[in-house]
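A.B. asks: below are the sequence and a predicted model for it; my questions follow.
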Amino acid sequence: MSNIVKELKADLTLRSLQDILKPAEIASLRRGPAPSPAEQKARQKLEVVLKVSQMLSDPKAADSLPEQIVAILPQIVPVERTVLVLVDETGELSARKAWVAPGIDAEAGVFSRQIVRHAMDNGVAVLSMDAADDSRFDAAGSIQAQHIRASMCAPLRGRQGMLGALVADNVSRTEMFGEDDLRLLAGFANQAAIALENAALARSIAQQAKQREAELTRLVDERTASLRDEKERAEAARAEADNLRLVAEAATREAEEASRSKSRFLANMSHELRTPMNAIIGYTDLLLEEAADEGNDSQVRDLRKIGGAAKHLLALINDILDISKIEAGKMTLTVDDFDLAIQIGQIQDTLRPLVAQKDNRLEVSAPDSLPMRADETRVRQVLYNLLSNACKFTEKGLIRLAVRHEPEPGGAGTVVVDVADSGIGMTPEQLGRLFQAFVQADDSTSRRFGGTGLGLAISRHFCRMMGGDVTATSDPGRGSVFTVRLPAVVTLPASTT
């Protein structure tokens, strides 16, 4: 008998034996060679354990496990009908496989849901010597209808919960089962549950492996085709390489000449356009003073329109020249010491007519003194662009200018300027293209409010040249907030200053 014990699989633990055999039966396997009736019975039970162990360790039999389970059980308990009940994906109980003894007039696959639910809910094996007279169940229900006389049911307990139950019924007579049979069924059910879970895991792994293999095959095929196409394209590219190189060299020469021409054009335009426009603005101011002194209101109105148009045109020319210089890499900065608080006061005076034009209010929050070392002209241009934009897109609203200094350990700190308005605001899509040159929020904005869409692009370029940046947040219909962050002390390479 000790030789039989040694044949047990390594993964069948003593707990498995204890589930199926009594301690006395296990002890009998360790005694003398003369088999007693108890030892013979223990041998039979042990053979069942071996079959269960083989079933657990044989991945090829995973698909036939339900048939094996219902086929093995009648060999160890006196049963006339065996049903393997499993919980399906919807949580309902269904008969997966069934076995009916030859000569027994009983319908296969039927079971008492009351008994199964009782076993699963309580987590213990159930024995009913006479199911029809068992007070735990409703005999007038399915038990009587299915002609169940004696019944045993053991839950199939998995790692994550109940898998179902193993049912053993006798339909011919009562008191067919005993406590030994119930222990045997419970132990067998425990091993069956492990086998079912292992089989499900094996199927899942096999399916995943199959899918992975198919995916790898597809990727290899696609990559092979891609490499073939790339090779063909590379050969075609090599055939044209010489021609492309010649074309590229010619294009480089043309681009260099175009850049030199653009630089000469910018230098000429700076004088040819700005000088006449400044003259027009100056003479218009002189005529405006004379007309005002003479009390000629009609001429005053006309001259103000001329002056306003000329200043607007000069601003457009300056923006176009600035963006051209930036793109050509010709823009330089001049770093000086100045007080930003004084500059903000000057900007506030300059913007007062523009603020009043659309019945807006301007609120300024700034320290009395805020020393900076930066390009004063470019800082002024950035703030003026942001505030004039706020005035342009706000009507009968509020514009806030807030200036603060954020100190930094061991450094001069950062100057932060917030320009907020209660204007039309922007959508996230419009914000995404806000700082692109010659781009406004949309075509309707350009038609309604005018402008070239250069001011914000130029402002961001200037801020980044000084080591800072300008960002924006907005909410459609509620306004926008532009935030400028600049080092309090701008440091530029010697060639830039």
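C.D. replies: Thanks, I have it. Bear in mind that the values here come from a model prediction, so they are computed numbers and not experimental data.
A.B. asks: and S94, how many neighbours?
C.D. replies: Neighbourhood size, S94 [other Cβ atoms under 10 Å]: 13. From N, CA and C alone the C-beta is placed, and that goes for glycine too.
A.B. asks: right, and it touches V83 too?
C.D. replies: No. Applying Cβ atoms under 8 Å as the test, S94 and V83 come out as separate, 10.2 Å apart.
A.B. asks: immediately after the biggest helix by length in the chain, which helix or strand?
C.D. replies: Counting by DSSP state H, the longest helix found in the chain is helix 179-294. Next along the chain after helix 179-294, taking DSSP states H and E as the criterion, comes helix 297-328.
A.B. asks: list of residues touching the next helix or strand after that next one?
C.D. replies: The element immediately downstream of helix 297-328 (helix or strand, assigned by DSSP H and E) is strand 336-339. Under the criterion Cβ atoms under 8 Å, 6 or more residues apart in numbering, residues 369-376 lie in contact with strand 336-339.
A.B. asks: from the residues you listed, which land in strands?
C.D. replies: Using DSSP state E to define strands, the subset of the contacts of strand 336-339 located there is 371-374.
A.B. asks: of all those residues, which comes closest to S226?
C.D. replies: In terms of Cβ to Cβ, no member of those lies closer to S226 than A374, at 52.8 Å.
A.B. asks: mind listing what that closest one touches?
C.D. replies: 335-336, 338, 466, 486-487, 489-490.
A.B. asks: ok, it to E240 distance?
C.D. replies: As defined by Cβ to Cβ, to the nearest Å, A374 lies at a distance of 51 Å from E240.
A.B. asks: returning to what we had before: buried subset of the contacts of A374 as a ChimeraX selection?
C.D. replies: Typed into ChimeraX, the line below selects the buried ones among the contacts of A374, using 16 or more other Cβ atoms under 10 Å:
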select :335,338,466,486,487,489,490
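A.B. asks: adding distance to E197 and pLDDT as columns, could you present the contacts of A374 in a markdown table?
C.D. replies: Below are these laid out as a markdown table (distance: Cβ to Cβ, whole Å; pLDDT from 0 to 100):
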| residue | distance to E197 | pLDDT |
| --- | --- | --- |
| V335 | 75 | 93 |
| D336 | 79 | 92 |
| F338 | 78 | 94 |
| M466 | 68 | 91 |
| L486 | 66 | 94 |
| P487 | 65 | 95 |
| V489 | 70 | 94 |
| V490 | 70 | 92 |
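A.B. asks: now the contacts of A374 in CSV, with distance to I281?
C.D. replies: CSV is the format used below for the contacts of A374 (distance: Cβ to Cβ, whole Å):
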residue, distance to I281
V335, 29
D336, 26
F338, 25
M466, 29
L486, 30
P487, 35
V489, 35
V490, 31
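A.B. asks: out of the contacts of A374, who's nearest V419?
C.D. replies: Nearest to V419 among these, with distances taken as Cβ to Cβ, is L486, at 13.5 Å.
A.B. asks: any idea what the closest one is bridged to?
C.D. replies: Beta-bridge pairing for L486 (DSSP bridges): V415.
A.B. asks: which non-adjacent residue is nearest S480?
C.D. replies: Spatial nearest neighbour of S480, excluding adjacent residues (Cβ to Cβ, 6 or more residues apart in numbering): S474 at 3.9 Å.
A.B. asks: could you look up the SS state of the one you found?
C.D. replies: Look at S474: counting by DSSP: H, G, I helix; E, B strand; the rest coil, its state is strand.
A.B. asks: please look at it and M426 and confirm they touch.
C.D. replies: Yes. Counting by Cβ under 8 Å, S474 touches M426, with 4.1 Å between them.
A.B. asks: what is in contact with these two at once?
C.D. replies: With Cβ under 8 Å, 6+ apart, S474 and M426 have common neighbours S480.
A.B. asks: enumerate the beta-bridge partners assigned to F482.
C.D. replies: Per DSSP bridges, residues listed as beta-bridge partners of F482: V419, A472.
A.B. asks: do you know the pLDDT at the residue with the largest distance to the centre of the chain?
C.D. replies: Relative to the centre of the chain, and counting by Cα atoms, centre = their mean, the farthest-placed residue is E294 at 72.1 Å. Listed pLDDT for E294 reads 85.
A.B. asks: also T13?
C.D. replies: Predicted confidence (pLDDT) at T13: the value is 40.
A.B. asks: same question for E429.
C.D. replies: pLDDT, E429: 86.
A.B. asks: what does the one 3 residues further on give?
C.D. replies: Among the per-residue scores, G432 holds a pLDDT of 82.
A.B. asks: out of the contacts of strand 336-339, who's nearest V300?
C.D. replies: E376 (33.6 Å).
A.B. asks: list the contacts for the closest one?
C.D. replies: By Cβ under 8 Å, 6+ apart, E376 lies in contact with 336, 338, 343.
A.B. asks: now the first one: how far from M466?
C.D. replies: Spelled out, it's D336. Applying Cβ to Cβ, the value for D336 to M466 is 12 Å.
A.B. asks: one more: Q208?
C.D. replies: 57 Å.
A.B. asks: which residues touch the residue nearest to S480?
C.D. replies: Contacts of S474 by Cβ under 8 Å, 6+ apart are 425-427, 430-431, 480-481.
A.B. asks: so N278 touches L314, yeah?
C.D. replies: Yes. Counting by Cβ under 8 Å, N278 does reach L314; the two are 7.2 Å apart.
A.B. asks: the more surrounded of the two?
C.D. replies: Neighbour tally, N278 and L314, criterion other Cβ under 10 Å: the higher count belongs to L314, 17 against 12.
A.B. asks: leaving out chain neighbours, which residue sits closest to that one?
C.D. replies: M277 (4.4 Å).
A.B. asks: quick one: mean pLDDT over stretch 124-144.
C.D. replies: The average pLDDT within stretch 124-144 is 74.
A.B. asks: er, stretch 244-260 actually
C.D. replies: 83.
A.B. asks: kindly report the same for stretch 105-119.
C.D. replies: In this model, stretch 105-119 has a mean pLDDT of 83.
A.B. asks: report the distance from that stretch to the chain centre.
C.D. replies: On the basis of Cα atoms, centre = their mean, to the nearest Å, the separation between the geometric centre of stretch 105-119 and that of its chain is 48 Å.
A.B. asks: and if you look at stretch 334-343?
C.D. replies: Its chain's average C-alpha position is 46 Å from that of stretch 334-343, according to Cα atoms, centre = their mean.
A.B. asks: show the end-to-end separation of it, please.
C.D. replies: One end of stretch 334-343 to the other measures 16 Å (Cα to Cα, to the nearest Å).
A.B. asks: which of the residues in that stretch are buried?
C.D. replies: Buried positions in stretch 334-343, judged by neighbour count with 16+ other Cβ under 10 Å: 335, 338, 340-341, 343.
A.B. asks: got it, and stretch 152-165?
C.D. replies: Across stretch 152-165, burial judged by 16+ other Cβ under 10 Å covers 152-157, 162-165.
A.B. asks: now do stretch 454-467
C.D. replies: For stretch 454-467, burial by neighbour count (16+ other Cβ under 10 Å) applies to 454-463, 465-466.
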